[in-house]
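In: need a 3D model of the following:
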Amino acid sequence: MYSPRYAGDYVIINSIAIGNREVVLGENRNHRDGLQYMCGLIRPQTVMETPGLALSGSDFFEAMEILPLVLEREVCSSDYLTILSLYHDYIRSQRDRVGYELSRLPLRDRIYTENDCRQNSWEGDLLDEIIVLCAESLQPEYRIGNFQFVRITGGEGVFEDAADNAVLFGETIFTGQRGIWKRGNVLGVLSENQYPDWLLDLLYAEEDLAERKEVVTHG
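Out: Next comes the predicted model:
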């Protein structure tokens with residue numbers, strides 16, 4: 001049975017997710033002021049509203065299903081064509097922002113599969129492991145290897161017998177942003193012999209920083 005989605009008092013009649021925002025077009029035929037049409041941006045709650053979480057665009061689909069949503073830059077009007085024009089402007093703006101973000105990547109890594117994993121998603125606990133996300137679970141613009149690697153830090157999904165919809169918390173290694181995922185979208189634990197050079201460089205830098213802190217702490 002179809003269940004309509006809402007943005008405030010408006011039924012969403014069209015939408016598209018680009019980056020870490022969903023552009024929405026809404027309708028409320030019974031609006032008391034006659035402002036029947038609405039356009040805006042939707043995002044999941046972030047670190048300031050949900051303690052311990054920040055969200056990158058690559059895990060937007062997951063967060064939309066799990067976290068409460070926030071409506072931004074809402075504009076309402078009685079003129080459908082005015083709102084439709086704004087809807088297209090918001091889409092172009094999001095496209096340009098994400099395009100600029102991705103153009104600054106120092107590299108675009110290949111897509112990783114189960115063949116690159118030493119452990120399937122249903123085998124063993126995932127806490128503190130570097131896991132590989134299924135590329136198809138990411139938004140199309142983020143389906144590159146850079147965004148597939150996550151260091152798992154907690155959540156009910158870390159346990160071996162966790163259900164596919166169990167929640168995982170972690171950090172996207174390439175961006176350093178924390179986020180939320182589902183166990184069912186994990187391909188497995190990345191094999192050490194499949195670590196790309198950029199990942200090794202980041203891990204070596206982390207180890208070096210930890211050693212320096214240890215020296216400072218203990219003199």
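
In: each with direction, which strands does the helix or strand containing residue 179 pair with?
Out: Assigned by DSSP states H and E, residue 179 falls within strand 178-182. Using DSSP bridges, the strands paired with strand 178-182 are strand 167-172 (antiparallel).

In: quick check: mean pLDDT of the partner strand?
Out: Mean per-residue pLDDT for strand 167-172: 89.

In: buried stuff in that strand?
Out: Residues of strand 167-172 classed as buried: 167-172 (neighbour count, 16 or more other C-beta atoms under 10 Å). Heads up, the C-betas are built off the backbone N, CA and C, glycines and all.

In: sorry, back to before: how far does the strand holding residue 179 sit from the chain's center?
Out: Relative to its chain's centre, strand 178-182 lies at 7 Å (C-alpha atoms, centre = their mean, to the nearest Å).

In: list the contacts for residue 191?
Out: 116-118 (C-beta atoms under 8 Å, 6 or more residues apart in numbering).

In: next step: the residues you listed restricted to strands.
Out: Members of the contacts of residue 191 lying in strands (criterion: DSSP state E): 117-118.

In: just give me the least confident of the contacts of residue 191.
Out: residue 118 (89).

In: helices along this protein, start to end?
Out: For the chain, the helices defined by DSSP state H cover 60-66, 80-103, 197-218.

In: where does pLDDT dip in the chain?
Out: Low-confidence segments of the chain (pLDDT under 70): 1-2, 45-68, 208-219.

In: end to end on stretch 169-179, go ahead and measure it.
Out: Distance across stretch 169-179, first residue to last, is 6 Å (C-alpha to C-alpha, to the nearest Å).

In: domains for this protein, by residue range?
Out: 6-103, 114-218 (automatic domain parsing).

In: go ahead and confirm residue 22 touches residue 15.
Out: Yes: using C-beta atoms under 8 Å, residue 22 is in contact with residue 15, at 5.5 Å.

In: neighbour count for those two, which is higher?
Out: Neighbour tally, residue 22 and residue 15, criterion other C-beta atoms under 10 Å: the higher count belongs to residue 22, 23 against 15.

In: got a list of what the closest residue to the more buried one other than its chain neighbours touches?
Out: Spatial nearest neighbour of residue 22, excluding adjacent residues (C-beta to C-beta, 6 or more residues apart in numbering): residue 42 at 4.4 Å. By C-beta under 8 Å, 6+ apart, the contact set of residue 42 is 7, 15, 21-22, 24, 64, 69-72.

In: just grab the bridge partners of residue 42 for me.
Out: residue 22, residue 71.

In: ok, now how distant is it from residue 7?
Out: 6 Å (C-beta to C-beta, to the nearest Å).

In: same thing with residue 202?
Out: Residue 202 sits 38 Å away from residue 7, going by C-beta to C-beta.

In: the two: who's more crowded?
Out: Ranked by neighbour count (other C-beta under 10 Å), residue 202 and residue 7 place residue 7 first, with 21 against 16.

In: pretty sure that one contacts residue 41?
Out: No: contact criterion C-beta under 8 Å: residue 7 and residue 41 do not qualify, at 9.4 Å.

In: need the residues touching each of these two.
Out: 24, 71.

In: who touches the closest residue to residue 27 other than its chain neighbours in this structure?
Out: The shortest distance from residue 27 to any non-neighbouring residue, by C-beta to C-beta, 6+ apart, is to residue 13 (5.1 Å). Neighbouring residues of residue 13 by C-beta under 8 Å, 6+ apart: 25-27.
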